[in-house]
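1. fold the following, please.
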Amino acid sequence: MTTFVLIHGAYQGGWIWQRVAARLRAAGHAVYAPTLDGCAERRGSLRPGITTETHGDEIAQLLHFEDLRDVVLVGTSSGGMVMAAAAERAPERVARVVFADALALFDGEKIRDFVKQPAAINTDLGLGPSVEDATNRLFAGLDETTKQWAAARMTLHPHAVFHQPVKLQRFWDMPWKASVLYCSGAPNPGEAHIRRAHERLGGRWHVIPTGHYPMLSTPDELTAFILAE
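-> Numbers count the residues shown, from 1 in each chain. Below you'll find the predicted structure:
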């Protein structure tokens, strides 16, 4: 049995991993899919001061308090940076890191350096898509039932996560066992961005011809990739 911690991306919550989590549990594994501070069902806590680093510390604290060891961390989209921040804080508890079409910023870079599409909704605390934008753009390639289900669950994401440079002084120089997935139908973060992460980390490289939400569009193939070492 392996323990997996699945880390969601922007505008999402742990809900987005339901299909993959169910498949991993059916195969006998332990799975955690937490919702990060200020997101989804925790959106009531959205406030200034939530950053990639505070999110990363949340996951590191989860590993500590649940006493999780030999964990496979899986991050998608902006969750890739949360995963890196968590792994840097608790490397002794991490067996492998999996970038699933995830942002992989180097120290001092910020999401807005790479993802420039403006959000439909911007407030002092967060940003995100409207239901219409989520339905017609973000989830355009999904089947209608999944599209409507996911769009109804999108929420704002903490503002600083997009606009503040990440602080990763050690992660990229540490010896990780890594798997890196590129979704060729996704315009962001893009192949060049994801390939440079693979070049830095090494490990397994895989391409799925789908959009940016493989946990919704191709859960079987994504689960197989996560399980493969």
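
2. what mean pLDDT does the helix or strand hosting residue 98 have?
-> Taking DSSP states H and E as the criterion, residue 98 maps to strand 94-102. The predicted model assigns strand 94-102 a mean pLDDT of 98.

3. and it, what's buried?
-> 94, 96-102 (16 or more other C-beta atoms under 10 Å). From N, CA and C alone the C-beta is placed, and that goes for glycine too.

4. please apply the same query to stretch 206-222.
-> For stretch 206-222, the buried set under the neighbour-count rule, 16+ other C-beta under 10 Å, comprises 206, 208, 210-219, 222.

5. of these, closest to residue 75?
-> Ranked by distance to residue 75 (C-beta to C-beta), the buried residues of stretch 206-222 are led by residue 215 at 11.6 Å.

6. surely the closest one meets residue 222?
-> Yes: counting by C-beta atoms under 8 Å, residue 222 is a contact partner of residue 215 at 5.7 Å.

7. what sits in contact with each of the two?
-> 20, 100 (C-beta atoms under 8 Å, 6 or more residues apart in numbering).

8. sorry, back to before: what strands line up against the strand holding residue 98, and which way round?
-> Sheet pairing for strand 94-102, assigned by DSSP bridges, gives strand 71-77 (parallel), strand 178-183 (parallel).

9. list the contacts of it.
-> With C-beta under 8 Å, 6+ apart, strand 94-102 has contacts from 2, 9, 63, 70-81, 83-84, 86-87, 176-183, 186, 189, 194, 197, 201, 212, 214-215, 222, 225-226, 229.

10. C-terminal to it, what's the next element?
-> Next element after strand 94-102 (DSSP H and E): strand 121-122.

11. how many other residues sit next to the residue nearest to residue 16 when sequence neighbours are not counted?
-> Nearest non-adjacent residue to residue 16, counting by C-beta to C-beta, 6 or more residues apart in numbering: residue 8, 5.2 Å away. Residue 8 is flanked by 26 other residues according to other C-beta atoms under 10 Å.

12. any idea how far residue 8 lies from residue 92?
-> According to C-beta to C-beta, to the nearest Å, residue 8 stands 24 Å off from residue 92.

13. same check, this time on residue 146
-> Residue 146 is 38 Å from residue 92, where distance means C-beta to C-beta.

14. between those two, who's got more neighbours?
-> Counting neighbours by other C-beta under 10 Å for residue 146 and for residue 92 shows that residue 146 has the greater number, 15 against 7.

15. pretty sure that one sits against residue 219.
-> No: using C-beta under 8 Å, residue 146 is not in contact with residue 219; the gap is 10.2 Å.

16. in this protein, which spans are helices?
-> For the chain, the helices defined by DSSP state H cover 18-26, 52-65, 79-89, 131-133, 144-151, 159-163, 191-201, 214-217, 219-227.

17. so which of these gets nearest residue 116?
-> helix 159-163 (10.4 Å).

18. and the contacts of that closest one?
-> Against helix 159-163 from outside (C-beta under 8 Å, 6+ apart): 10, 48-52, 55, 78, 81, 110-112, 115, 122-127.
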